[in-house]
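Novice: Need coordinates for the below:
(one chain, ligands or ions: 1)
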Amino acid sequence: MSDNQASLTADGKSIEMPVRSGTIGPDVIDIRKLYGQTGLFTYDPGFTSTASCDSAITYIDGEEGVLLHRGYPIGQLAEHSTFMEVSYLLLNGELPSPAQLDTFSHTITRHTMVHEQLSSFFSGFRRDAHPMAIMCGVVGALSAFYHDSTDVADPEHRKISSHRLIAKIPTIAAMAYKYSVGQPFVYPRNDLSYTGNFLRMTFGVPAEEYEVVPAVERAMDRIFILHADHEQNASTSTVRLAGSSGANPFACIAAGIACLWGPAHGGANEAALNMLKEIGTPDKIPEYIARAKDKNDPFRLMGFGHRVYKNYDPRATVMQKTVREVFDALKVSDPLFETALRLEEIALNDPYFVEKKLFPNVDFYSGIILSAIGFPTTMFTVLFALARTVGWVAQWNEMISDPGQKIGRPRQLYTGPAARDYTPLDQR
Ligand code: ACO
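Specialist: The predicted structure is shown next:
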């Protein structure tokens, strides 16, 4: 590689490719002309070395454990900001002025109700359906209700659908919960904060007034901030890929929710708490550490390891601190927290985890907090989806606004049979 050019020699052909630099982070080799000039594709399953887009939203330095949204460190945002402010930042690129934040929050709270007919969708699901299954279905169904904001080429439509998605997701998430416990849906209230309103819609009942506990509201809001965006992860890439065909935003976000559900991604918080429950007491930890290291055992330490972070996930640091705050506010404790702390300590001193640079990720402690607040484990990934919707929407908007945007269409290395003639059924 030399002076902003990379050269590649393969099959006797040599080509020069431009090297592009971002603001920070690794440079990229622009291989777009590779196939045209050499007839070769690159091969990178899982995109471990491939940048799929330009993006100015979120930056991660996995080696250093840094996460920036529009340049602002996640620790500062979690400490001083609110989810509404971070949402504005992700969508618009700058922190809002007080007036801008007020207008934005007002707009979001005025879109929190869902079409009344959407409520009838829920009764089509079994009561024991996983709420993520309900989320995929109901969020996708929004496109059947809000036809007036699905022209993706129109910036105003994109803005309205973005606001609708951010505003309605908490209502739908709370409805999914209410349906599973057989309680009536609770309508949103505009005088509450985004997060306070969500807590009330989830835990409130018509029989009595629901009091939002400020410390819990703050902790929940912080959890939303910590999950708001994470650059080109699997679900965000799914949203971008779905959106690249011009699909409507509600359908794209439903695709993101489906991808997030997987245990290697958003489903890990549910899996992490289930794992801690299975381990139970600290004396059982060595047995599970041994299983995690055994190549013949599929067991992995859930909430540990990350494709990008090869250092402590900065979100896990904030999450660990938040556990104590919630315990103090609710005057509760959970022996699983002690087990988690001890598990972290043991793993971080074990050569296997040290060599592979496996550290706790955001999901390791979040389940303990959510469980203390009162959420069942099946709701954990729903909360992640709720918070990540703003990131998905911001990334989707960025992609559609990019004049160079193309439909996403990866290539492959074909390993099936070469062309052959059809054999009639009676000759097989
Ligand atoms: N426990 C034990 N070993 C692990 C773990 C783990 N949690 N994570 C990775 N490893 C090992 C792998 O076995 C592999 O070992 P090898 O090189 O000897 O084959 C090595 O570390 C690298 O792991 P990969 O799976 O190749 O790394 P990748 O970047 O593809 O995976 C992932 C990252 C999926 C997050 C992985 O670490 C994992 O499965 N963790 C548990 C699930 C989890 O917590 N997911 C949440 C991610 S954060 C989020 O989505 C919000």
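
Novice: Next to the ligand in this structure, residues from the chain, please.
Specialist: Residues of the chain lying near the ligand by Cβ under 6 Å from any ligand atom: 264-266, 268, 292, 300-307, 356, 358, 361-363. Backbone N, C-alpha and C define where each C-beta goes, glycine included.

Novice: Which of these fall within helices?
Specialist: 268, 292, 363 (DSSP state H).

Novice: Among the residues you listed, name the least confidently predicted one.
Specialist: Among those, residue 268 has the lowest pLDDT, at 85.

Novice: In the protein, which residue sits closest to the ligand?
Specialist: In the chain, the residue that lies nearest the ligand is residue 305 (2.4 Å; Cβ to the nearest ligand atom).

Novice: Which residue, neighbours along the chain excluded, lies closest to that residue?
Specialist: Counting by Cβ to Cβ, 6 or more residues apart in numbering, residue 358 is the residue found nearest to residue 305 once chain neighbours are left out, at 4.3 Å.

Novice: Quick check, that neighbour in contact with residue 302.
Specialist: No - at 11.6 Å, residue 358 does not count as touching residue 302 under the criterion of Cβ atoms under 8 Å.

Novice: the more surrounded of those two?
Specialist: Taking other Cβ atoms under 10 Å, residue 358 and residue 302 do not tie; residue 302 has more neighbours (24 against 20).

Novice: so who does the more buried one touch?
Specialist: Counting by Cβ atoms under 8 Å, 6 or more residues apart in numbering, residue 302 makes contact with 263, 268, 271-272, 274-275, 363-364.

Novice: can you rerun that using 7 Å?
Specialist: 268, 271-272, 275 (Cβ atoms under 7 Å, 6 or more residues apart in numbering).

Novice: Got phi/psi on it?
Specialist: Dihedral pair for residue 302: phi -70, psi 140, per degrees, to the nearest 10.

Novice: can I assume residue 204 is in contact with residue 186?
Specialist: Yes - using Cβ atoms under 7 Å, residue 204 is in contact with residue 186, at 4.9 Å.

Novice: bridging residues for residue 14?
Specialist: residue 9 (DSSP bridges).

Novice: what about it, neighbour count?
Specialist: Counted with other Cβ under 10 Å, residue 14 comes out at 11.

Novice: related to what we said a few turns ago, okay, the residue nearest to residue 305 and residue 260: tell me how far apart.
Specialist: Counting by Cβ to Cβ, to the nearest Å, the separation of residue 358 from residue 260 is 21 Å.

Novice: cool, and residue 70?
Specialist: Distance from residue 70 to residue 260, by Cβ to Cβ: 22 Å.

Novice: So those two - more neighbours on which side?
Specialist: Neighbours per residue (other Cβ under 10 Å) separate residue 70 from residue 260, with residue 260 holding more: 26 against 19.

Novice: wouldn't that one be in contact with residue 385 here?
Specialist: Yes - proximity of residue 260 to residue 385 meets the contact threshold set by Cβ under 7 Å, at 5.5 Å.

Novice: how about the strands of the stretch 1-150 of the chain, start to end?
Specialist: Remark: strands assigned in the stretch 1-150 of the chain by DSSP state E, counting those that start in this stretch are 5-10, 13-20, 28-29, 58-61, 66-69, 72-73.

Novice: Tell me which stretches of the stretch 151-300 of the chain form helices.
Specialist: With helices called from DSSP state H, counting those that start in this stretch, the stretch 151-300 of the chain shows them at 155-181, 194-203, 214-227, 234-243, 249-260, 268-279, 285-293.

Novice: Which residues does the fourth one contact?
Specialist: Going back to what we said before, that points to helix 234-243. If you take Cβ under 7 Å, 6+ apart as the criterion, helix 234-243 is touched by 52-53, 251-253, 255-256, 259-260, 265-266, 388, 391-392, 395-396, 399-400, 408.

Novice: what's the answer for the last one, then?
Specialist: By Cβ under 7 Å, 6+ apart, the residues outside helix 285-293 that reach it are 279, 297, 299-301, 342-343, 346-347, 350, 352.

Novice: pLDDT weak spots in the stretch 251-400 of the chain?
Specialist: Nowhere does the stretch 251-400 of the chain drop to pLDDT under 70.

Novice: what's the distance between the residue nearest to residue 305 and residue 222?
Specialist: Taken as Cβ to Cβ, the span from residue 358 to residue 222 is 25 Å.

Novice: you'd agree residue 332 is in a helix?
Specialist: No - counting by DSSP: H, G, I helix; E, B strand; the rest coil, residue 332 falls outside a helix, being coil.

Novice: need the contact list for the spatially closest residue to it that is not a sequence neighbour.
Specialist: Counting by Cβ to Cβ, 6+ apart, residue 372 is the residue found nearest to residue 332 once chain neighbours are left out, at 5.6 Å. Neighbour list for residue 372: 326-327, 330, 332, 334 [criterion: Cβ under 7 Å, 6+ apart].

Novice: Would you state the helices of the stretch 1-150 of the chain in chain order?
Specialist: Remark: helices assigned in the stretch 1-150 of the chain by DSSP H, counting those that start in this stretch are 34-38, 74-80, 83-92, 98-109, 119-122, 131-141.
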